[in-house]
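Peer 1: no FASTA, just this:
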């Protein structure tokens, strides 16, 4: 697959890891810690007996289970994956666009997402590092591309009144947006720009 094809239609399946570590609901804290350490990952999907993802248990969940002085963790059923996990899991499908996975990680502040099929069965994992391999593009470069797209869609006069800000792939537009093409159309257009993670439009009605 060429870089251009990844930019234009790349999906989670293009970059996800298929061999993924997971734990069952009844996995104890020692097993969880051991897998996190051995596999050098920050979180693990928690799966039911049929392979469906029911949650995610992370390093933060494990640390929160320990006593403030860092000694032995408290006892009880909460020290299983089922008691520690965050649920429902924030997951993504293999056919989802890479930008969708990037937005989900950004909004939910997570480093990795379980990849599930239509029935919720675990098929892999996708991490920020996986996505960044594709979305490795500077904000200035993204901003220039966004400006070009606005010029093409709105014309020089209308586009000149739009302020563009780009930070970590998040595009922010502010200014008078004409009814044609309108904020919704511009958002969809700019979401297709390589390196764009999200588009946020603050509309000021044109005179």
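Peer 2: Nice, I can see it. Fair warning: this is a prediction, and the values are worked out from it, not measured in the lab.

Peer 1: Every contact and neighbour count from this point should use C-alpha atoms.
Peer 2: Will do.

Peer 1: what distance separates stretch 186-200 from the centre of its chain?
Peer 2: 15 Å (CA atoms, centre = their mean, to the nearest Å).

Peer 1: With stretch 174-184 instead?
Peer 2: Counting by CA atoms, centre = their mean, stretch 174-184 comes out at 27 Å from the chain centroid.

Peer 1: got the buried residues for that stretch?
Peer 2: By 16 or more other CA atoms under 10 Å, the buried positions in stretch 174-184 come out as 175, 176, 177, 178, 183.

Peer 1: So what would you say the end-to-end distance of it is?
Peer 2: Terminal residues of stretch 174-184 lie 14 Å apart, using CA to CA, to the nearest Å.

Peer 1: before we move on, what about stretch 106-114?
Peer 2: 15 Å.

Peer 1: ok, now stretch 13-28?
Peer 2: Stretch 13-28: ends 31 Å apart by CA to CA.

Peer 1: Now do the strands in the chain.
Peer 2: With DSSP state E, the ranges of strands along the chain come out as 23-24, 43-47, 53-58, 112-116, 122-127, 163-167, 170-176, 198-204.

Peer 1: and the angle for the second one with strand 112-116?
Peer 2: Translated: strand 43-47. Interaxial angle, strand 43-47 versus strand 112-116 (axes from the mean of the first three to the mean of the last three CA atoms, to 10 degrees): 30 degrees.

Peer 1: Which other helices and strands does strand 43-47 contact?
Peer 2: Counting contacts by 3 or more CA pairs under 8 Å, 6 or more residues apart in numbering; DSSP states H and E, strand 43-47 is packed against strand 23-24, strand 53-58.
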